[in-house]
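S.K.: Need coordinates for the below:
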Amino acid sequence: MDSLLRIKLVVALLAALLVAAPAALGVKQMRDMQAHAIDTVFDTDAHIADLPLAPVISDDGGGPFQEARGYWRLYLAAFAAVVMAVIGATAYIFVLLDRQQRLAGKQRAALQRYLDALDASSDWFWETGPDLRFTELWYSQDGQPSLDPKRILGRTRAEIADPQYDPAGLQRHLDDLAARQPFRDFVFRSATARDHERYVSVSGKPIYDEAGSFLGYRGSGRVVTGQVQQKAALEALLQRTALLAAAIDHATNSIIITDPRQNDNPIVFVNAAFTRITGYTAAEAIGRNTRFLRSAETDRQALATLLAAFENMKPAKVTLLAKRKDGVPFWAEVNVGPVFDGDGKLTAFVIIQNDVTARIQTEKQRDHAESQFRHSQKLEALGTLAGGIAHDFNNSLASIVLMTQFCIKSGSSEKKLTTILAAARHAKSLVSKILAFSRREEAVFQEVDLRQCFQESVELCRLGTPALVSVDALVDGEGPFAMHGDRTQIVQVFTNIMANAIHAVGEKGRVAVTLREVDVAYVRNCGFRSDAERYACVTIEDNGVGMTEEVKSRIFEPFFTTKPVGQGTGLGLAVVHGIVANHHGHIYVESAPGIGTTFTVFLRLAGLSSATVDSPTLASA
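M.R.: This next block holds a predicted model:
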């Protein structure tokens with residue numbers, strides 16, 4: 001009870017006391033008035049008790065006065081009670097009025113708070129009739145500028161919701177409305193949006209009158225377009241992430257992610273292929289540095305390249321020997337790439353590791369096979385040249401034998417001995433050339449003088465050449481024609497093509513070979529992509545039988561040959577093509593039946609030459 005109510009009750013009690021006090025004093029005053037009246041009428045000093053009328057007016061006797069005095073008291077008490085009741089009722093009325101005023105004030109304050117909240121809210125409030133058509137819509141104009149009551153009032157939820165968006169969810173909501181069920185946070189796409197896509201979330205409950213009759217629904221709603229779009233984007237991102245995770249997990253390559261922000265750059269993720277390739281599980285690998293995958297036989301240069309990539313935060317690709325959990329080594333092709341965040345800070349390294357053991361083994365087998373092919377081709381070329389070499393070698397030996405016999409019979413002489421020495425040296429030179437040509441060695445790239453290779457090849461091919469076949473050679477230019485390559489293989493290229501040209505002309509004909517320097521434009525005009533500035537151009541031309549287009553298109557195929565059975569393996573030009581390609585060169589063939597064939601070989605040059613010649617001239621050697 002507040003202070004104002006207390007004050008009002010105190011005032012009411014004081015008023016009741018003021019009214020009751022005169023009534024309590026009324027009897028004493030009446031007795032005094034009676035005594036005064038008797039004294040006046042009878043004019044006597046006698047005591048009222050001694051008079052005949054004493055019983056009537058005495059205090060202790062009956063009589064009419066005593067009865068009248070009792071009635072007065074009743075009247076006065078009743079009057080006092082009525083007055084007090086009126087005062088109490090008045091006070092109670094005041095209390096009720098005060099309570100009503102205070103309740104009305106609270107209601108006005110609550111209503112104002114509700115209106116303020118409605119005005120500041122981004123939600124709106126709605127009400128429907130029993131037919132579920134919207135009848136009321138309250139909202140803040142500032143909060144919902146795009147809400148158009150004309151498109152909502154008088155329509156049902158089914159009429160304002162787009163049925164194409166979540167039709168199953170919409171049907172469940174309509175079933176709930178038909179069953180008079182409350183609902184919360186039902187999201188639908190509005191079909192009343194004027195110029196954009198809008199998603200709405202609504203909540204509501206059914207309302208009834210005092211008799212329990214259904215009056216409709218009342219609830220609230222809000223625009224949740226941003227949330228729905230964010231949710232859709234998040235779901236799409238999660239789907240892509242799940243798809244990416246599945247792709248990573250099903251990848252055939254081992255994928256490792258390390259965290260350089262932690263001490264020792266530990267592994268933080270590996271996929272299933274990592275376990276399949278290395279034998280280590282994710283639990284065994286995560287938290288460790290990748291060095292446990294190294295082998296004792298890991299190439300130090302490749303390892304240094306890999307470590308430099310980590311240190312310099314640069315991508316790198318190396319092929320090195322690693323080891324599995326069981327200690328078995330395997331060849332791994334490793335790609336390292338740094339990952340940076342939006343601020344350019346290094347956050348991770350992604351390492352893609354591929355088991356290339358089978359490929360390395362295949363390459364080794366292929367290299368071995370190519371080596372065998374080249375060696376077979378050398379033996380074939382030696383067989384082709386054997387007749388001429390044997391003839392010259394026999395001549396040298398005959399000279400040695402004859403001169404030796406003559407010296408024995410006639411005594412030694414310096415001239416004869418000089419002749420013997422020259423023949424022996426010539427024979428030695430022939431043997432040296434044969435051994436150098438047939439030697440089986442791996443390619444060793446170094447500085448090579450093409451002039452010497454060219455001259456040596458010409459000299460070797462002239463041995464055993466038929467008497468009516470001329471081999472004309474020309475070196476056009478004074479430079480050293482230096483290049484980076486394998487000397488034995490270069491000689492093999494020239495010798496093989498020259499031997500084929502000699503075979504093509506038969507017993508009579510002409511073979512012209514030329515060495516000169518050309519520029520990159522000349523090479524490109526022949527249809528090749530070139531990036532070097534200078535090339536050596538070796539041309540080997542014959543006037544033999546020539547080739548058809550069909551034969552020319554297949555001359556570089558392994559085991560393809562036009563020679564009779566037993567005279568060729570079909571490996572020579574295939575090996576030639578491989579050697580030229582391995583030296584980043586090009587080979588070009590022109591041929592026509594009955595006219596002859598021209599092979600043009602382009603090899604990159606290093607350093608400077610004295611001249612670049614456009615049109616060489618041939619001279620007989």
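S.K.: Would you mind listing the buried residues in the strand or helix carrying residue 321?
M.R.: Here residue 321, judged by DSSP states H and E, is contained in strand 316-323. Residues of strand 316-323 classed as buried: 316, 318, 320, 321, 322, 323 (neighbour count, 16 or more other Cβ atoms under 10 Å). From N, CA and C alone the C-beta is placed, and that goes for glycine too.
S.K.: list the helices and strands it packs on?
M.R.: Applying 3 or more Cβ pairs under 8 Å, 6 or more residues apart in numbering; DSSP states H and E, one finds that strand 316-323 contacts helix 300-312, strand 329-340.
S.K.: Tell me which of these sits most buried.
M.R.: When you average the neighbours per residue for each of those (mean count of other Cβ atoms under 10 Å), strand 329-340 leads with a mean of 17.
S.K.: Not counting sequence-adjacent ones, nearest residue to residue 154?
M.R.: residue 133 (5.6 Å; Cβ to Cβ, 6 or more residues apart in numbering).
S.K.: Now the strand holding residue 321: average pLDDT?
M.R.: If you average the pLDDT over strand 316-323, you get 89.
S.K.: Phi first, then psi, for the residue nearest to residue 154.
M.R.: phi -90, psi 140 (degrees, to the nearest 10).
S.K.: ok, it to residue 543 distance?
M.R.: Per Cβ to Cβ, to the nearest Å, residue 133 is found 104 Å from residue 543.
S.K.: now do residue 272
M.R.: Distance of residue 272 to residue 543, given as Cβ to Cβ: 66 Å.
S.K.: do the same with residue 510
M.R.: 5 Å.
S.K.: thinking again about what came up before, in this structure the residue nearest to residue 154 contacts residue 157, no?
M.R.: No. Residue 133 lies out of contact with residue 157 (Cβ atoms under 8 Å); the separation is 9.3 Å.
S.K.: Give me the common contacts of the two.
M.R.: Residues touching both residue 133 and residue 157 (Cβ atoms under 8 Å, 6 or more residues apart in numbering): there are none.
S.K.: Who has more neighbours out of those two?
M.R.: Neighbour count, other Cβ atoms under 10 Å: between residue 133 and residue 157, residue 157 has more, with 20 against 15.
S.K.: Quick check: that one touching residue 171?
M.R.: No. Assessed by Cβ under 8 Å, residue 157 is found out of contact with residue 171, at 11.5 Å.
S.K.: any residues in contact with both of these two?
M.R.: Residues touching both residue 157 and residue 171 (Cβ under 8 Å, 6+ apart): there are none.
S.K.: residue contacts, the residue nearest to residue 154?
M.R.: Counting by Cβ under 8 Å, 6+ apart, residue 133 makes contact with 154, 155, 156.
S.K.: Residue 162 now?
M.R.: Residue 162 touches 188, 189, 190, 191, counting by Cβ under 8 Å, 6+ apart.
S.K.: ok, the closest residue to the first one other than its chain neighbours - how many residues close by?
M.R.: Meaning residue 188. Nearest residue to residue 188 in three dimensions, chain neighbours excluded: residue 161, at 4.1 Å (Cβ to Cβ, 6+ apart). The tally of other residues near residue 161 (other Cβ under 10 Å) stands at 24.
S.K.: what pLDDT does residue 161 get?
M.R.: 87.
S.K.: so it touches residue 186, yeah?
M.R.: No. Taking contacts as Cβ under 8 Å, residue 161 lies outside contact range of residue 186: 9.2 Å.
S.K.: Okay, domains of the protein per the record?
M.R.: Using automatic domain parsing, the domain parsing of the chain gives 3-116, 124-230, 251-355, 356-439, 442-620.
S.K.: Select from these the stretch with the lowest mean pLDDT.
M.R.: In terms of mean pLDDT, the lowest-scoring of those is domain 3-116 (a mean of 60).
S.K.: who's in contact with residue 235?
M.R.: So residue 235 contacts nothing (Cβ under 8 Å, 6+ apart).
S.K.: didn't residue 556 look like it was pressed against residue 573?
M.R.: Yes. At 5.4 Å, residue 556 counts as touching residue 573 under the criterion of Cβ under 8 Å.
S.K.: For those two, indicate the residue with more neighbours.
M.R.: residue 573 (23 against 18).
S.K.: Now do the SS call for the more buried one.
M.R.: At residue 573 the chain is in helix, as set by DSSP: H, G, I helix; E, B strand; the rest coil.
S.K.: ok, it touching residue 496?
M.R.: Yes. Residue 573 is within contact range of residue 496, at 7.2 Å (criterion: Cβ under 8 Å).
S.K.: out of everything not next to it in sequence, what's closest to residue 177?
M.R.: residue 132 (5.9 Å).
S.K.: ok, and the one you found, which helix or strand is that part of?
M.R.: Using DSSP H and E, residue 132 sits within no helix or strand.
S.K.: That one against residue 156, yeah?
M.R.: Yes. Between residue 132 and residue 156 there is a contact under Cβ under 8 Å: 5.1 Å.
S.K.: So which of those two has more stuff around it?
M.R.: Each of residue 132 and residue 156 has its neighbours counted (other Cβ under 10 Å); residue 132 has more, 17 against 14.
S.K.: Quick check, pLDDT for residue 117.
M.R.: The model's pLDDT for residue 117 equals 63.
S.K.: ok, now the one 4 residues further on?
M.R.: Turning to residue 121, the model gives it a pLDDT of 63.
S.K.: quick one on the thing from earlier: from the buried residues of strand 316-323, which single one is nearest residue 257?
M.R.: residue 316 (16.1 Å; Cβ to Cβ).
S.K.: List the beta-bridge partners for the closest one.
M.R.: residue 336 (DSSP bridges).
S.K.: Name all residues that make contact with it.
M.R.: Residue 316 touches 305, 306, 308, 309, 335, 336, counting by Cβ under 8 Å, 6+ apart.
S.K.: distance of the closest residue in space to residue 531 that isn't next to it in sequence from residue 540?
M.R.: The shortest distance from residue 531 to any residue other than its chain neighbours is 7.6 Å, reached at residue 520 (Cβ to Cβ, 6+ apart). Residue 520 is 22 Å from residue 540, where distance means Cβ to Cβ.
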